[in-house]
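A.B. asks: I need the structure of the sequence given here:
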Amino acid sequence: MSDELREVAGTRILLCAIEGPAIRNPQDANDLIGAARSESAELVALPMERLDPAFFQLRTGLAGEILQKFVNYRVRLAILGDFTQPAADSTALRDLIRESNSGRTTWFLPDVAELEARLMAP
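C.D. replies: Below you'll find the predicted structure:
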């Protein structure tokens, strides 16, 4: 499967395939943002498997750097997957997920169906 463009509730989404290149550093995030912008996507839906494991260890700073890139370029990000184990291992990550999900810029969601439901909600 390759990346796919989808529109939900007026939001153009770049739905990334699980097999795509890993996001290991801020430059990889820039490349993904560039791909999204070239397709006029406002939101990137990224499977958590594409993120370097260091992303979920907040002390590395990788999550902050990557999330800030998306904020700076005004491209929303939905990270899709099962965060049960990483969140159980880290209070800080659990807090980041909760705070992010209460906003509109970055979401940590279980799947595409949940992302679509959130976009369609008033």
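
A.B. asks: name the helices or strands packed onto the lowest-mean-pLDDT helix or strand in the chain?
C.D. replies: Sorting the helices and strands of the chain by mean pLDDT, DSSP states H and E puts helix 84-89 at the bottom, at a mean of 94. In terms of contact count using 3 or more Cβ pairs under 8 Å, 6 or more residues apart in numbering; DSSP states H and E, helix 84-89 is assigned the packing partners helix 91-101. C-beta: built from backbone N, CA, C; applies to glycine.

A.B. asks: contacting residues around the helix it packs on?
C.D. replies: Helix 91-101 has contacts (Cβ atoms under 8 Å, 6 or more residues apart in numbering) with 56, 58, 63, 67, 83, 86-88, 106-109.

A.B. asks: in that helix, what's buried?
C.D. replies: 93, 96-97, 100 (16 or more other Cβ atoms under 10 Å).

A.B. asks: Extract the C-alpha trace of the helix or strand following it and format it as PDB.
C.D. replies: Using DSSP states H and E, the next helix or strand after helix 91-101 towards the C-terminus is strand 106-109. Extracted C-alpha coordinates of strand 106-109, given in PDB (Å, rounded to 0.1, in the frame of the first residue of the first chain):
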ATOM      1  CA  THR A 106      -1.600  16.900  17.100                       C
ATOM      2  CA  TRP A 107      -3.700  13.800  17.900                       C
ATOM      3  CA  PHE A 108      -2.700  10.300  19.100                       C
ATOM      4  CA  LEU A 109      -5.600   8.100  17.900                       C
END
